[in-house]
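Trainee: Return a 3D structure for these sequence lines:
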Amino acid sequence: MNSMTHKGYTARVELDERDNLFVGRILGLRNIISFHGETVAELKAELKSAVDDYLAECEEHGRKPEKPASGKLLPRALLDIHTP
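Mentor: Modelled structure (predicted):
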């Protein structure tokens with residue numbers, strides 16, 4: 001998987017051969033945030049714009065922006081298991 005990151009938000013990037021575009025989607029959010037570009041430089045600029053727009057929209061509406069999922073699984077054991 002090819003990925004890019006901006007302000008802690010990671011996006012998966014793929015090539016859409018049919019339209020000859022790079023297409024990205026920010027991972028780990030319930031909201032679907034996607035962007036595209038014809039060049040790597042354009043794609044980077046569009047990722048920055050997409051994240052910045054998302055954060056600005058959240059601030060404008062008084063919502064706390066979602067933090068991207070870390071991808072780490074932290075299992076927790078029940079206390080009964082650890083006590084004799």
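Trainee: what residue ranges in the chain score low on pLDDT?
Mentor: Low-confidence regions of the chain, defined by pLDDT under 70, span residues 1, 69-74, 76-84.
Trainee: In the helix ranked longest in the chain, which residues are buried?
Mentor: Longest helix in the chain, counting residues (DSSP state H): helix 40-60. For helix 40-60, burial by neighbour count (16 or more other CB atoms under 10 Å) applies to 43-44, 46-47, 50-51, 54. The C-beta positions use only the backbone N, C-alpha and C, and glycine is treated the same way.
Trainee: Show me what that helix is packed against.
Mentor: Judged by 3 or more CB pairs under 8 Å, 6 or more residues apart in numbering; DSSP states H and E, helix 40-60 is in contact with strand 2-6, strand 9-16, strand 21-26, strand 34-37.
Trainee: swap the cut-off to 6 Å and go again
Mentor: strand 2-6, strand 34-37 (3 or more CB pairs under 6 Å, 6 or more residues apart in numbering; DSSP states H and E).
Trainee: Run a quick neighbour tally on the nearest residue to residue 3 once chain neighbours are set aside.
Mentor: Distance criterion CB to CB, 6 or more residues apart in numbering; nearest residue to residue 3, sequence neighbours excluded, is residue 10 at 5.4 Å. A count of nearby residues for residue 10, using other CB atoms under 10 Å, gives 19.
Trainee: Touching, residue 10 and residue 29? I think so.
Mentor: No. When contacts are counted by CB atoms under 6 Å, residue 10 is not listed as touching residue 29 (10.2 Å).
Trainee: before we move on, back to that, and the buried residues of helix 40-60, which is closest to residue 18?
Mentor: For the buried residues of helix 40-60, the residue nearest residue 18 by CB to CB is residue 43; the value is 16.9 Å.
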